[in-house]
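# after the sequence you'll find the predicted model.
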Amino acid sequence: MASKLPTQLATARSLDSRGHHSKPKPSSLSWRTTLSSNGVVPSPLTSSNLSFNGLPKRSVLPVVRCSGAAVNLGPGTPVRSTSVLVVGATGTLGRQVVRRALDEGYDVRCLVRPRPAPADFLRDWGAIVVNADLTKPETIPATLVGIHTVIDCATGRPEEPIKTVDWEGKVALIQCAKAMGIQKYVFFSIHNCDNHPEVPLMEIKYCTEKFLQDIGLTHIIIRLCGFMQGLIGQYAVPILEEKSVWGTDATTRIAYMDTQDIARLTFIALRNEKINGKLLTFAGPRAWTTQEVITLCERLAGQDANVTTVPVSVLKLTRQLTRLFEWTNDVADRLAFSEVLTSDTVFSTSMTETYDLLGVDPKDIVTLEKYLQDYFTNILKKLKDLKAQSKQSDFYI
């Protein structure tokens, strides 16, 4: 049944800062709080039911049922299935999701944190931009009014504690979505997150998956391996500028995928009702080691890279040292993720079943070779044109 706009408006007015109805007022949700089936009930967690990083162990994962879900208050304007809210719209993946949604005719609203430099490019594309902050749950409900589907691409900034946005903020957003009758929720997670409880970010992603499944929202969970776009700043640009690039002595392999392909497959999945409630993993055509990526960039750039190799043992020692001080815990958490990425793990999976499910031809998925070749071809042409313009200017001077 389609949501009714008056229902969402009434619900938004009755929600408190945590996405619950104001009466009765529940206790606030915190990072170290267990949740009961009737709402949020604070209780101290002991070592017997905590994982090492403070998250509830999987046997006692939080289950929340909002006390007073949205109900049909009467006739109203149906919320169109093409109305989507993209959370994290300015990020590497988020902006591609926005662009794809607009190209396919969706009515796109973007949740963006208030910032000194406004996200004008989103408005220029044709999206509606609303200011809200997942770390301030009271700002969330108004952004969901009139929305059918939430696409959650958000993640915390590097300078923020991981739990602030990726756990507390996501829990608040999911609770609000449930309470306001959102019809579908798309959540982007990390491949293999269920196999690495020792890494805070991956454990949070896995806990959020379980939270979303338990709360009863119609959802799609998509696990990702790695973005091709991230390799430009990490390897391509430093090689062109003859600066150092950082590598490791590990043999980790990652199946990078173009975020444009991720966005395209996401909307194919979104339109297929048979995929509701499923967990998908998107991976690129081939898994690459760091050294293989650097070698490919060197060949396409036509010059050697200045590679600085960091042994995995150094990362492990650094992580252990930063754990000794409370103010460096967040650094340690991020180093834990880096440690996984520099282990012998393979971040890849077979896409055959997923391609069949989505009706996608594997030949339409961009390979890393093609992606980087296009980048280097374009950038080298621009550099050549700039040199030509510089010579012309010198001549006339």
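Cool, got the structure.
# residue ranges with poor pLDDT in the stretch 201-350 of the chain?
In the predicted model of the stretch 201-350 of the chain, residues 249, 310-344 satisfy pLDDT under 70.
# repeat that for 50
The stretch 201-350 of the chain contains residues with pLDDT under 50 at 317-335.
# please enumerate the helices of it.
With helices called from DSSP state H, counting those that start in this stretch, the stretch 201-350 of the chain shows them at 230-231, 237-240, 259-271, 290-301, 312-322, 329-341.
# can you give me the strands for this protein?
35-36, 39-40, 83-87, 107-112, 128-131, 149-152, 184-190, 219-224, 244-248, 253-254, 279-282, 306-310, 346-347 (DSSP state E).
# now do residue 98 against residue 131, distance only.
Residue 98 is 16 Å from residue 131, where distance means C-beta to C-beta, to the nearest Å. Quick note: C-beta positions are derived from backbone N, CA and C, even for glycine.
# please apply the same query to residue 369.
From residue 369 over to residue 131 (counting by C-beta to C-beta), the distance is 40 Å.
# one more: residue 181?
Per C-beta to C-beta, residue 181 is found 23 Å from residue 131.
# those two - which one has more neighbours?
residue 181 (22 against 15; other C-beta atoms under 10 Å).
# phi, psi for that one please.
phi 70, psi 30 (degrees, to the nearest 10).
# distance check, it against residue 187.
18 Å.
# what's the closest non-adjacent residue to residue 165?
In this structure, residue 165 finds its nearest non-sequential neighbour in residue 156, 3.7 Å apart by C-beta to C-beta, 6 or more residues apart in numbering.
# near the one you found, how many other residues are there?
Here the number of neighbours of residue 156 (other C-beta under 10 Å) works out to 21.
# which residues touch it?
Residues counted as contacts of residue 156 (C-beta atoms under 8 Å, 6 or more residues apart in numbering) are 162, 164, 165, 166, 169.
# the closest residue to residue 82 other than its chain neighbours: how many residues sit nearby?
What sits nearest to residue 82 in space, not counting adjacent residues and going by C-beta to C-beta, 6+ apart, is residue 106, at 4.8 Å. The local packing of residue 106 (other C-beta under 10 Å) involves 23 other residues.
# residue contacts, residue 106?
If a contact means C-beta under 8 Å, 6+ apart, then residue 106 has 82, 83, 84 as its contacts.
# cutoff 10 Å now
80-84, 86, 97-98, 100, 127, 148-149, 151, 267, 270 (C-beta atoms under 10 Å, 6 or more residues apart in numbering).
# any idea how far residue 191 is from it?
Separation of residue 106 from residue 191 (C-beta to C-beta): 27 Å.
# now do residue 244
29 Å.
# what is the neighbour count of residue 160?
Residues near residue 160, counting by other C-beta under 10 Å: 14.
# do the one 3 residues further on as well
Burial of residue 163, expressed as a neighbour count using other C-beta under 10 Å, amounts to 22.
# surely it touches residue 155?
No. Counting by C-beta atoms under 10 Å, residue 163 does not reach residue 155; the two are 12.0 Å apart.
# residue 187 contacts residue 152, correct?
Yes. With contact defined as C-beta under 10 Å, residue 187 counts as touching residue 152 (5.0 Å).
# can you list residues touching both of the two?
Residues touching both residue 187 and residue 152 by C-beta under 10 Å, 6+ apart: 87, 170, 173, 174, 208, 212, 219.
# report the contact partners of residue 372.
228, 231, 232, 235, 236, 256, 293, 296, 297, 299, 300, 301.
# can you pick the most crowded of those?
Going by other C-beta under 10 Å, residue 256 tops these with 27 neighbours.
# any idea how far residue 113 is from that residue?
For residue 256, the distance to residue 113 - C-beta to C-beta - is 27 Å.
# before we move on, back to that, mind checking how far the residue nearest to residue 165 is from residue 218?
To residue 218, residue 156 is 26 Å away according to C-beta to C-beta.
# what's the answer for residue 102, then?
23 Å.
# show me the contacts for residue 307.
Shown in contact with residue 307 (C-beta under 10 Å, 6+ apart): 235, 238, 239, 244, 245, 246, 247, 290, 291, 294, 295, 298.
# ok, the residues you listed vs residue 364, which is closest?
Among these, residue 235 lies closest to residue 364 (C-beta to C-beta), at 25.3 Å.
# I'd assumed residue 296 was in contact with the closest one.
Yes. Under the criterion of C-beta under 10 Å, residue 235 makes contact with residue 296 at 8.8 Å.
# so what sits against both of residue 163 and residue 155?
Common neighbours of residue 163 and residue 155 (C-beta under 10 Å, 6+ apart) are 169, 170, 201, 204.
# ok, of those, which one's closest to residue 374?
residue 201 (30.6 Å).
# assess the claim that the closest one and residue 161 are in contact.
No. Checked against C-beta under 10 Å, the pair residue 201 and residue 161 is beyond contact range at 11.0 Å.
# for the two, indicate the residue with more neighbours.
residue 201 (22 against 16).
# can you tell me how far the more buried one is from residue 302?
37 Å.
# just residue 253 next, same as before
To residue 302, residue 253 is 26 Å away according to C-beta to C-beta.
# more crowded one of these two?
residue 253 (17 against 10).
# now the more buried one. Nearest residue, chain neighbours left out?
Nearest residue to residue 253, sequence neighbours excluded (C-beta to C-beta, 6+ apart): residue 287, at 3.6 Å.
# tell me the contacts of the one you found?
When contacts are taken as C-beta under 10 Å, 6+ apart, residue 287 is in contact with 225, 226, 252, 253, 254, 255, 256, 346, 347, 348, 349, 368.
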